[in-house]
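Participant: Build me a model from this:
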Amino acid sequence: MPRDPLEPTVLPKISVVICTFNRHDLLLEAIMSIELQDLPDHEYELIIVDNSDDLGAREQFRDGLLITCAHRYIEEARPGLSRARNIGIHAARAELVAFLDDDARACTGWLRHIIKAFAENQEAGVVGGPVRPIWTARPPVWLTPQLQSFLTVIDRGDAPRPLAEEEWLSV
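Facilitator: Model (predicted):
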């Protein structure tokens with residue numbers, strides 16, 4: 001199949017996939033955190049897969065959205081996170097794919113660190129880093145660090161290393 005002449009010939013190093021379902025109020029901050037990455041714009045792309053069933057809200061959000069980095073907004077009627085992620089993977093032009101939840105914010109160096117981790121660990125199939133909560137109120141005292149892991153709050157430290165058998169990453 002011939003290439004679209006308007007499609008860039010230089011492929012990005014990494015594709016970011018954000019899947020969302022009726023959470024446009026949170027999605028904007030996730031998108032902004034990707035646009036604030038410390039990589040040159042041509043090194044990454046953003047793919048948003050929107051499963052929202054509130055079509056009016058989805059259209060209003062999409063039409064008012066101003067994204068400066070390379071991006072695609074994919075509307076998918078059939079809900080489901082796994083399905084949406086697979087659609088995002090299929091749409092990705094980069095060899096590496098990073099997932100960001102619609103209620104999350106990536107730190108400025110997030111994509112750079114992912115690319116570096118794969119470059120330095122060629123045998124790695126997946127990489128991850130700390131996942132810290134964005135509390136809208138003070139967390140209850142009974143919510144211990146062990147219980148926070150059930151909320152996908154994870155911090156395995158700063159040193160790159162293989163996971164131990166009982167450890168896991170957030171996906």
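Participant: how about the helices in the protein?
Facilitator: In the chain, the helices defined using DSSP state H lie at 24-35, 55-64, 81-91, 110-120, 145-148.
Participant: can you tell which of these is closest to residue 168?
Facilitator: Comparing the helices of the chain against residue 168 with C-beta to C-beta, the closest turns out to be helix 145-148 (14.1 Å). Heads up, the C-betas are built off the backbone N, CA and C, glycines and all.
Participant: and residue 74, bridged to which residues?
Facilitator: With DSSP bridges as the criterion, residue 74 is bridged to residue 49.
Participant: Now do the contacts for it.
Facilitator: Listed by C-beta atoms under 8 Å, 6 or more residues apart in numbering, the contact set of residue 74 reads 47-50, 87-88, 91.
Participant: Taking these together, which two end up most distant?
Facilitator: 50 and 91 (12.5 Å).
Participant: Show me which of the two is the more surrounded one.
Facilitator: A count of neighbours by other C-beta atoms under 10 Å puts residue 50 above the other of residue 50 and residue 91, at 25 against 16.
Participant: rewinding a little: mind putting the contacts of residue 74 in JSON lines, pLDDT and distance to residue 122 included?
Facilitator: Below are the contacts of residue 74 laid out as JSON lines (pLDDT from 0 to 100; distance: C-beta to C-beta, whole Å):
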{"residue": "47", "pLDDT": "98", "distance to residue 122": "25"}
{"residue": "48", "pLDDT": "97", "distance to residue 122": "30"}
{"residue": "49", "pLDDT": "98", "distance to residue 122": "29"}
{"residue": "50", "pLDDT": "97", "distance to residue 122": "34"}
{"residue": "87", "pLDDT": "98", "distance to residue 122": "28"}
{"residue": "88", "pLDDT": "98", "distance to residue 122": "24"}
{"residue": "91", "pLDDT": "97", "distance to residue 122": "25"}
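Participant: Please name the nearest non-neighbouring residue to the residue positioned nearest the centre of the chain.
Facilitator: Nearest to the centroid of the C-alpha atoms of the chain, with distances taken as C-alpha atoms, centre = their mean, sits residue 100, at 2.1 Å. Nearest non-adjacent residue to residue 100, counting by C-beta to C-beta, 6 or more residues apart in numbering: residue 18, 5.1 Å away.
Participant: Beta-bridge partners for the one you found, please?
Facilitator: Beta-bridge partners, per DSSP bridges, of residue 18: residue 48, residue 100.
Participant: That one is in contact with residue 102, isn't it?
Facilitator: Yes - contact criterion C-beta atoms under 8 Å: residue 18 and residue 102 qualify, at 5.7 Å.
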